[in-house]
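I would like the atomic coordinates for the input below:
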Amino acid sequence: MRHTCLTALALLFSQWCIAQSGQVAGSIADARGGEALTKVDVQLAGTAYRARSDEQGHFQIAGVPPGDYVLNVTTVGYRLAKKPFHLDAGETKQFDVILSPGALTQTDSVDVKAGPFEAPVQAGASPLVLAGNDLTNLGSVLANDPLRSVQGLPGVSSNDDFEAKFSLRGADFSRIGIYMDGILLHSPMHTLESTTATGSESAFNGGMVESLELYEGAMPPQDSDRTAGALNVNSRDGGRDGLSFRGEASFSNAGFTVEGPIDEAKHGSWMVSARKSYMQYIIDRIGIDTSLIFGLEDVQARFTYDLTPKNYVSLDLLESYTDLDRSSKASTLGVNSLMLAGYDYTLAKVGWRYTPNQGFILTTRAAWMREKSDDRDPKSLLLQSDFYGEWVANQTATWVESPNGTLDFGWNVRDIRDQGYANQYNSNLTFQLLEKYRGNSTRGGGYLGQSWSAWAGRLRLTAGGRGDHDALDGKTAWLPQASLSFSPVQSTKFQLAWGEYAQFPEISQLASNLGSNRLLPARTIQLTAAVEQRFGERTRLRMEFYDRSDRDLIWQPLYDPRILLGKVFVPPLNALYYNSMRGYSRGFEIFLQRASANRLTGWISYAYGHAEMHDGIDHISFPSDWDQRHSVNGYAGYRLRPSVNLSVRSVWGTGFPIPGFLQMQGASYYLSSQRNGLRMGNYERTDFRINKNWTKVKWKTTLYGEVVNIANKANYRFDSFDGYTAKTGQAYIEFDKLFPILPSLGVVVER
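Have a look, this model is predicted:
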């Protein structure tokens, strides 16, 4: 009888507990596009109550006693989401959780776009968009550099492990515009100016970049003063939900990012980030030429505030520095060797966005940038010095006139000052002036574009152009542009884009003893045609054909020694600049891409290109210095478990030409009458990366492991031309060996 009563009481107590307990349920989505996230861990912090999201992003935790809890939602590659709440007896608490990728601002709303492959602005040819975990994984643990992320995109060429720079369709990096939030940056790099034996890295921090948009051709009209391509860098705002900290360290770099709201009402945010690289230490330990430069340090800050619901302002500050000190090797260096060097880059910019209604956006920006470099030889004598300063202001506007019509217009003005010189010393320490320049100029322009759409947006036509003027050379460029997009069915799209582009000479050319203010702006006409087939919402196959015609490119035709009329031609010490170069670049690219926050994401691409140049003074034709005939770029990322992500990046490309008039006789190099007749060997590199995270009550720790060049392929780059023997024509050149197989570890702690 007693036993029966105890059993009944226990049963009644358990039923009472069940009646008193509640449950927690909800759904989880990606902040960029709203895709439902599967394999996400959900836990009530400090308890054993947990769940995992299903294929539809749903989760449920039952049998939770009443009380106060914190819901922790986490998966690798995303920021930790914390939701404090109180659960009453028998209550069901419902949550709609938005997870933000590590490179995206923490938010509780979904960034709605037309699709996973589209950028917010669709003018000209379609850009390649890089964001979220792909942006982080491609940046590499070793360098953690957003520009290196771009090197893995379809059609991009980069055969140099030490450089963050890249080329597009046979055009070098100086012809590609880097636009940060609508401001053209002149040279936003960590590098040194007077030596080829250097590396480079972007001056802006990857942790403060939300997305990158690369136009490989036919850029939109607001991107001015560049002729080969455009990379739009979109900064992210700091989080407004509370103070957060992110610290990271690896074998090669260390840094931190702190962000939070400006006021309790969350009207604004602030964010400060700093980093320092120890790449030079790695280079020294693996036996690579110690003249290479990878040391850097920088600090970046961003402040944003909503003055009113219609007025948003921002302030950005960036200070970066790169230096070299080889004083310990002074006794082994030549008279013109680099011993002490420094490069300082500063940027300050403000922005104001006014949105009076849903159909009109007006954005006003102003910025100031400064670049200083100073290079000295073993006697501390100046080899090169440069100062560049620029004030810039621009304004862009978008007016949605009707559901089928949009008008875009804007203007920009730049006030530029540049001065510098370069010397060369003899053995008795007397010097010869190689180059000297000093000048000011004001450049300005404007653009106008009208878009029309029909058939529910399946047909879209854009026409317009821009005009630009430079006060120093007095030249004006009128640049018409047009594009057409047509989708006969929802899954198939045809695109055609055409445009003319101009790039004005640098002041260091216009106001130099090697040039003059009679130099013309370089001109380019670009035509691209593409067809794209969608397979569902998140997979596409795209093929793009392109033709770029270049003229009036600035060149020094008498700069290189060569064989001319059977004899060695000795170039003058101060070879002059001319608008003597013209050429073309033609080819096609094809890639298959899947963009998903779940399971597999990435692409595989093949590109063929032929870039040919012709010099009108020498009357010679030759492949572009950046002509890469064949290239294959591949990237894949996979979230294996909620806490584990795997990714692999692979690049293969035929070698660039060895610049100059060179030929081989046996194992030696000799001068030739043909330019760029020799090529580097093929470049091949595959990197593997694994990300693993652990989550505690308030902290999240992520361990990054990476193996660079996992197959240990031997790759080389052209370093320098070290002279020649005038009697025999024998030439002496140097090559650098690039990274061997190289493991790296990094850790990120965030709260």
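
can you list the domains in the protein?
Following the assignment in automatic domain parsing, the chain carries domains at 2-99, 128-750.

which of these is buried the deepest?
Highest mean neighbour count among those (mean count of other Cβ atoms under 10 Å): domain 128-750, with a mean of 18. Bear in mind the C-beta positions are built from the backbone N, C-alpha and C, glycine included.

check the offset of it from the chain's centre.
7 Å (Cα atoms, centre = their mean, to the nearest Å).

and stretch 47-67, by the same measure?
39 Å.

let's see it as CSV, backbone CA atoms only.
The C-alpha trace of stretch 47-67 is given here as CSV (Å, rounded to 0.1, in the frame of the first residue of the first chain):
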residue,chain,number,x,y,z
THR,A,47,22.7,24.3,-19.0
ALA,A,48,22.3,20.9,-20.7
TYR,A,49,19.4,22.1,-22.8
ARG,A,50,20.4,22.1,-26.5
ALA,A,51,19.2,21.4,-30.0
ARG,A,52,20.4,21.6,-33.6
SER,A,53,18.6,23.3,-36.5
ASP,A,54,17.1,21.0,-39.2
GLU,A,55,17.1,21.3,-43.0
GLN,A,56,14.5,24.2,-42.8
GLY,A,57,16.5,26.0,-40.1
HIS,A,58,14.0,25.2,-37.3
PHE,A,59,14.9,24.1,-33.8
GLN,A,60,13.0,23.1,-30.6
ILE,A,61,14.0,22.5,-27.0
ALA,A,62,11.3,21.0,-24.9
GLY,A,63,10.9,20.4,-21.1
VAL,A,64,12.6,23.6,-20.0
PRO,A,65,11.8,24.6,-16.4
PRO,A,66,10.7,28.2,-15.8
GLY,A,67,13.4,30.8,-15.2
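
quick one: mean pLDDT over that stretch.
Computed over stretch 47-67, the mean pLDDT rounds to 90.

one more: stretch 416-433?
80.

and it, C-alpha only, in PDB?
Output of stretch 416-433 as PDB, limited to C-alpha atoms (Å, rounded to 0.1, in the frame of the first residue of the first chain):
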ATOM      1  CA  ILE A 416      45.900  66.400 -56.200                       C
ATOM      2  CA  ARG A 417      49.400  67.300 -55.200                       C
ATOM      3  CA  ASP A 418      52.400  65.100 -56.000                       C
ATOM      4  CA  GLN A 419      56.200  65.600 -55.700                       C
ATOM      5  CA  GLY A 420      59.200  63.400 -55.500                       C
ATOM      6  CA  TYR A 421      62.600  62.400 -57.000                       C
ATOM      7  CA  ALA A 422      64.800  59.400 -57.500                       C
ATOM      8  CA  ASN A 423      68.700  59.300 -57.400                       C
ATOM      9  CA  GLN A 424      71.400  56.900 -58.500                       C
ATOM     10  CA  TYR A 425      74.900  57.100 -56.900                       C
ATOM     11  CA  ASN A 426      78.300  56.300 -58.300                       C
ATOM     12  CA  SER A 427      81.100  54.600 -56.400                       C
ATOM     13  CA  ASN A 428      82.500  58.100 -55.300                       C
ATOM     14  CA  LEU A 429      79.000  58.900 -54.000                       C
ATOM     15  CA  THR A 430      78.200  61.600 -56.600                       C
ATOM     16  CA  PHE A 431      74.700  61.200 -57.800                       C
ATOM     17  CA  GLN A 432      72.700  61.400 -61.000                       C
ATOM     18  CA  LEU A 433      69.100  62.500 -60.900                       C
END
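
pLDDT below threshold where in the stretch 101-250 of the chain?
For the stretch 101-250 of the chain, applying pLDDT under 70 flags the ranges 103-125, 193-198.

quick one: the helices in it, in order.
For the stretch 101-250 of the chain, applying DSSP state H, counting those that start in this stretch gives helices covering 132-139, 146-150.

the ones you listed: which one's closest to Ala726?
Ranking those by proximity to Ala726 (Cβ to Cβ) places helix 146-150 first, at 40.6 Å.

after the longest strand along the chain, which helix or strand is next? Please name it.
Criterion DSSP state E: the longest strand present in the chain is strand 431-454. Moving toward the C-terminus from strand 431-454, the next helix or strand (DSSP states H and E) is strand 459-470.

now do that next one against strand 431-454, angle only.
Orientation check (axes from the mean of the first three to the mean of the last three Cα atoms, to 10 degrees): strand 459-470 against strand 431-454 gives 150 degrees.

contacts for strand 459-470, please.
Applying Cβ atoms under 8 Å, 6 or more residues apart in numbering, the external contacts of strand 459-470 come out as 122-124, 221-222, 224-225, 408, 441-453, 475-487, 499-500, 502, 504, 521.

ok, Ala254 to Leu296 distance?
According to Cβ to Cβ, to the nearest Å, Ala254 and Leu296 sit 12 Å apart.

next, show the common contact partners of these two.
Arg275, Lys276.

so which strand or helix has the nearest residue to Gln481 once chain neighbours are set aside?
Nearest non-adjacent residue to Gln481, counting by Cβ to Cβ, 6 or more residues apart in numbering: Gly499, 3.6 Å away. Gly499 is part of strand 492-503, with elements assigned from DSSP H and E.

beyond that strand, next helix or strand please.
According to DSSP H and E, the helix or strand after strand 492-503 is helix 507-510.

and that following helix, what's its mean pLDDT?
Here the average pLDDT along helix 507-510 is 93.

just the residues contacting it, thanks.
In contact with helix 507-510 (Cβ under 8 Å, 6+ apart) are residues 386, 416-418, 420, 435, 437, 439-441, 472-473, 515-517, 519, 554, 577.

what is the subsequent helix or strand relative to it?
strand 522-534.

partners of that following strand in the sheet?
According to DSSP bridges, strand 522-534 forms sheet pairs with strand 492-503 (antiparallel), strand 539-555 (antiparallel).
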